[in-house]
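Novice: Coordinates for the following, if possible.
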Amino acid sequence: MTNIFEGKLVRLRAVEPGDWEAHHQWDRDTEMARTLYEIPFPQSTLSTRQWAEREAAKRENGEEHHLQIETLEGIQVGSIGTNECNLRCGTFSYGVGVIGQYQRKGYASEAIRLVLRYYFHERRYQKCTIKVYSFNEASQKLHESLGFTLEGRLRRMIYTNGEFHDALWYGITREEFEAKYSDGG
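Specialist: Next up, the predicted model:
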């Protein structure tokens, strides 16, 4: 059986109620949170459990999805969520996070390729644009290695750890993705 949400390293799946424990643990990693969005106030276990239950109970509605990244052995290593999906223009974005101990093993890269392939080949989107903070060099390198192009810089848009940082905008078109991943990506 072939599953377009499964690669050689990871599979993408919906949030399940039991995922709350992993997310609650991940929320304690403030440095990871800083690179993704901002450091939130600590959440209670009840709040995190209720979030996972709401996510798991959601029916497919629209184009934005929060997916878990797990290894083929079933180990949760992170998550990826699509956002800013614009059907009229054919553009979308995503946010991806992989837990520190699982970083630099190819999991984020493959999860991103799976999402890009799905949105480009199954949903008719034509471009993906993402924001990376200027202090997150690992994410910059990851996206450049995937074929994304740095399209712009907005100066002093992010405040964290006592300093202002730039927001970097990277983009990839369907044609650029297909040229790089003509073997199916």
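Novice: any idea which helix or strand carries the nearest residue to residue 145 once chain neighbours are set aside?
Specialist: Once flanking residues are discounted, residue 145 sits nearest to residue 109: 7.2 Å by CB to CB, 6 or more residues apart in numbering. For glycine as for every other residue, the C-beta is placed from the backbone atoms N, C-alpha and C. Here residue 109, judged by DSSP states H and E, is contained in helix 107-121.
Novice: in the helix or strand following that helix, what counts as buried?
Specialist: If you walk from helix 107-121 toward the C-terminus, the next helix or strand you reach (DSSP H and E) is strand 127-133. By 16 or more other CB atoms under 10 Å, the buried positions in strand 127-133 come out as 127-133.
Novice: Can you list the helices and strands that strand 127-133 packs against?
Specialist: On a contact count with 3 or more CB pairs under 8 Å, 6 or more residues apart in numbering; DSSP states H and E, strand 127-133 meets strand 91-98, helix 107-121, helix 137-145, strand 149-160, strand 163-173.
Novice: Need these in TSV (columns: distance to residue 76 and mean neighbour count).
Specialist: Formatted as TSV, these follow (distance: least, CB to CB, whole Å; neighbours: other CB atoms under 10 Å):
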stretch	distance to residue 76	mean neighbour count
strand 91-98	10	20
helix 107-121	10	21
helix 137-145	19	15
strand 149-160	26	12
strand 163-173	26	17
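Novice: Just send these back as TSV, with mean pLDDT and distance to residue 30 too.
Specialist: Below are these laid out as TSV (pLDDT from 0 to 100; distance: least, CB to CB, whole Å):
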stretch	mean pLDDT	distance to residue 30
strand 91-98	97	13
helix 107-121	98	19
helix 137-145	97	17
strand 149-160	97	10
strand 163-173	98	16
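Novice: Nearest to residue 6 among these would be which one?
Specialist: helix 107-121 (7.7 Å; CB to CB).
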